[in-house]
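**Student:** dropping a prediction and its sequence here:
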Amino acid sequence: MARTLENGEHMGPEEFRRWGHAVIDWLAAYQQAIEKFPVLARVEPGEIRAALPPAAPERGEPFDAVLRDLDEIILPGITHWQSPGFHAFFPSNNSGPSILGELLSAGLGVQGMMWTTSPACTELETHVLDWLVDMLALPAAFRSDGEGGGVIQDTASSATLCALLAARERATDFAANENGCDGRLVAYASNQAHSSVEKAVKIAGLGRRNLRLIDVDERFAMRPEALGRQIEEDRAAGLLPAFACATVGTTASNGLDPLAPIGRICDEEDVWLHVDAAMSGTAALCPEHRHIHDGLELADSYCFNPHKWMFTNFDCDCFWVADRAELIKTLSVLPEYLRNRATESGAVIDYRDWQVPLGRRFRALKLWLVIRHYGVEGLRAHVRRHVELAQRLAGWIEASADFELLAPAPLNLVCFHHRGGDDISRRLLERLNAGGELFMSHALLNGVYTLRLCIGQTHTEAEHVERAWRLIRETAAELEASG
């Protein structure tokens with residue numbers, strides 16, 4: 001029987017050990033049973049809150065009561081992102097070593113805002129980011145032993161914002177930090193770029209009206225010639241082109257912007273080029289997929305998310321710059337209470353100057369554990385398996401009389417629809433998601449309602465993709481029969 005807690009009592013080492021084992025056991029059992037749960041949560045809005053007490057407990061409660069409520073209240077409201085039947089959006093996969101790394105980070109309780117607040121936190125991060133430059137065959141300019149370097153952000157949205165802020169300051173000779181924006185700065189991205197670009201221009205003070213969304217081609221990739229024309233028009237109008245975001249793997253269709261011609265235009269026009277490879281960048285672990293980065297040497301910054309497809313739990317975005325001095329000068333604020341000998345020596349990295357927040361977690365620990373557990377070859381094997389499964393699915397769709405591919409499938413995302421049109425495609429998605437065995441999402445491509453099936457969860461195997469395709473065909477046939 002769980003003992004009654006004294007008011008405000010800390011959890012001691014023995015009790016922590018006991019309940020720590022219980023939580024690990026709970027997670028292991030959850031992973032084993034995850035296919036038994038409906039992938040998409042089946043609760044109504046407000047249902048979870050209605051099951052919770054209206055006020056916080058006055059006295060501490062036994063931990064077994066918390067675990068009981070986890071099963072009875074929380075779990076029914078979970079959409080199971082780690083299910084092998086989760087195919088919506090982009091993956092946010094994890095793994096045993098990543099979860100344990102997160103546990104170690106929480107247990108150490110490090111706040112790594114500066115080198116001096118925990119040297120291992122900073123130096124491991126720098127080192128692992130240099131590892132990844134080599135693992136992905138990124139340009140050497142992004143390594144920390146030159147003028148560039150890498151940092152872990154929470155998400156690609158934050159990386160885009162930091163890149164835009166640095167671009168803003170470079171374009172204004174750092175005047176915008178002092179005086180604000182004057183309405184002349186312009187940013188560019190394709191009309192398929194992530195919504196975080198729009199959010200960033202709002203936060204950075206450029207304004208939504210100064211974001212130019214460039215047309216794409218039939219593969220949903222940015223048209224470089226359209227970018228060049230738009231920059232010329234803006235300069236002629238007295239505006240100041242400052243920032244462009246190219247995407248390696250757009251959210252809607254996994255479109256791959258051509259980095260080389262975009263990079264040449266940005267280089268000639270002195271426009272900061274940021275490359276967002278949030279999900280698809282992981283594919284560059286495999287030499288056969290590294291063409292997605294052709295031209296990356298022309299970029300000023302780059303990011304990808306190990307928390308999407310590299311078995312490292314959310315949040316973990318890797319962000320590199322070719323010239324760290326520009327980023328640091330943009331974001332550095334040094335009040336007296338942060339001054340210290342190590343910082344003043346100039347011999348250390350203080351990552352507080354590479355991000356918007358001051359504080360930061362020890363995210364590198366989980367990434368380090370993942371890389372050491374799998375090894376580069378192990379990671380490649382899993383990425384190749386996911387790509388092969390997606391290509392197999394794309395082949396089945398191409399051979400089908402009822403379904404049609406709506407975009408190329410270069411990696412692990414397959415975009416398609418029912419030949420019967422938008423209405424049956426929409427009803428098909430709703431019926432499939434309500435069934436509980438899989439979860440997919442949609443997009444609009446050239447105005448057509450598009451089903452998206454992405455393969456990237458840790459435990460998704462051939463049997464799960466085969467089951468998904470069978471369910472899609474069977475459910476479509478039921479809808480056609482019922483009219």
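**Tutor:** Here it is on my side, so go on. Numbers count the residues shown, from 1 in each chain.

**Student:** which parts of the protein belong to which domain?
**Tutor:** By the assignment in automatic domain parsing, the chain contains the domains 12-40+79-95+375-483, 110-361.

**Student:** next one: the first one to chain centre, how far?
**Tutor:** The reference is to domain 12-40+79-95+375-483. Its chain's C-alpha centre and that of domain 12-40+79-95+375-483 lie 17 Å apart, by Cα atoms, centre = their mean, to the nearest Å.

**Student:** and what of stretch 120-137?
**Tutor:** Taking Cα atoms, centre = their mean, the mean C-alpha location of stretch 120-137 is offset from the chain mean by 18 Å.

**Student:** buried ones in that stretch?
**Tutor:** By neighbour count with 16 or more other Cβ atoms under 10 Å, stretch 120-137 contains the buried residues 121-122, 124-126, 128-133, 135-136. (C-beta placed from N, C-alpha, C; glycine too.)

**Student:** got the CA coordinates for it in PDB?
**Tutor:** In PDB, the C-alpha atoms belonging to stretch 120-137 read as follows (Å, rounded to 0.1, in the frame of the first residue of the first chain):
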ATOM      1  CA  ALA A 120      29.700  19.400 -20.900                       C
ATOM      2  CA  CYS A 121      26.300  20.600 -22.100                       C
ATOM      3  CA  THR A 122      27.900  23.100 -24.500                       C
ATOM      4  CA  GLU A 123      30.800  21.000 -25.700                       C
ATOM      5  CA  LEU A 124      28.800  17.800 -26.300                       C
ATOM      6  CA  GLU A 125      26.300  19.800 -28.400                       C
ATOM      7  CA  THR A 126      29.100  21.400 -30.500                       C
ATOM      8  CA  HIS A 127      30.700  18.100 -31.000                       C
ATOM      9  CA  VAL A 128      27.600  16.200 -31.900                       C
ATOM     10  CA  LEU A 129      26.600  18.900 -34.400                       C
ATOM     11  CA  ASP A 130      30.100  18.600 -36.000                       C
ATOM     12  CA  TRP A 131      29.500  14.800 -36.200                       C
ATOM     13  CA  LEU A 132      26.200  15.400 -38.000                       C
ATOM     14  CA  VAL A 133      27.900  17.700 -40.600                       C
ATOM     15  CA  ASP A 134      30.000  14.700 -41.500                       C
ATOM     16  CA  MET A 135      27.200  12.200 -41.200                       C
ATOM     17  CA  LEU A 136      25.000  14.100 -43.600                       C
ATOM     18  CA  ALA A 137      27.900  15.300 -45.800                       C
END
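
**Student:** residues contacting that stretch, please?
**Tutor:** With Cβ atoms under 8 Å, 6 or more residues apart in numbering as the test, stretch 120-137 has contacts from 110, 112, 114-115, 138-140, 142-145, 149-152, 281, 284-285, 287, 290, 293, 304, 318, 320, 348-351, 362-365, 367-368, 371, 376.

**Student:** just stretch 380-399 next, same as before
**Tutor:** Among residues not part of stretch 380-399, those counted as contacts by Cβ under 8 Å, 6+ apart are 282-283, 285-286, 289, 309, 311, 374, 403-405, 409, 411-414, 416, 453-456, 458, 460-462, 465, 468-469.

**Student:** out of the domains of the chain, which is the most enclosed?
**Tutor:** Highest mean neighbour count of these: domain 110-361, a mean of 20 (counted as mean count of other Cβ atoms under 10 Å).

**Student:** that domain: end-to-end distance?
**Tutor:** End-to-end span of domain 110-361 (Cα to Cα, to the nearest Å): 6 Å.

**Student:** return the member of the buried residues of stretch 120-137 nearest to residue 255.
**Tutor:** Within the buried residues of stretch 120-137, the smallest distance to residue 255 is 19.6 Å, found for residue 136 (Cβ to Cβ).

**Student:** in the stretch 201-350 of the chain, where is pLDDT below threshold?
**Tutor:** The model of the stretch 201-350 of the chain has no residue with pLDDT under 70.

**Student:** which stretches of it form helices?
**Tutor:** In the stretch 201-350 of the chain, the segments counted as helices under DSSP state H, counting those that start in this stretch are 224-236, 259-269, 306-309, 324-331, 341-345.

**Student:** helices or strands next to the longest one in the packing?
**Tutor:** Which is helix 224-236. In terms of contacts (3 or more Cβ pairs under 8 Å, 6 or more residues apart in numbering; DSSP states H and E), helix 224-236 is packed against strand 185-190, strand 211-214, strand 240-247, helix 259-269.

**Student:** now the last one against strand 185-190, angle please.
**Tutor:** Here the directions of helix 259-269 and strand 185-190 differ by 170 degrees (axes from the mean of the first three to the mean of the last three Cα atoms, to 10 degrees).

**Student:** tell me what helix 259-269 is packed against?
**Tutor:** Packed next to helix 259-269, using 3+ Cβ pairs under 8 Å, 6+ apart, are helix 224-236, strand 240-247, strand 272-276.

**Student:** hang on, the earlier thing: include distance to residue 333 when you put the helices and strands packed on helix 224-236 into TSV, please.
**Tutor:** Formatted as TSV, the helices and strands packed on helix 224-236 follow (distance: least, Cβ to Cβ, whole Å):
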stretch	distance to residue 333
strand 185-190	22
strand 211-214	27
strand 240-247	22
helix 259-269	29
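
**Student:** list just the one of those that sits closest to residue 80.
**Tutor:** Nearest to residue 80, of all the helices and strands packed on helix 224-236, is strand 240-247, at 28.1 Å by Cβ to Cβ.

**Student:** and residue 77, what is it in contact with?
**Tutor:** 41, 43, 47, 48 are the contacts of residue 77 under Cβ under 8 Å, 6+ apart.

**Student:** hmm, back to that, who wins for proximity to residue 103 among the helices and strands packed on helix 259-269?
**Tutor:** So among the helices and strands packed on helix 259-269, strand 272-276 is nearest, using Cβ to Cβ, at 29.9 Å.

**Student:** hang on, the earlier thing: of all the helices and strands packed on helix 224-236, which lies closest to residue 341?
**Tutor:** Residue 341 lies closest to strand 240-247 among the helices and strands packed on helix 224-236, at 36.3 Å (Cβ to Cβ).

**Student:** thanks again, I'm all set now.
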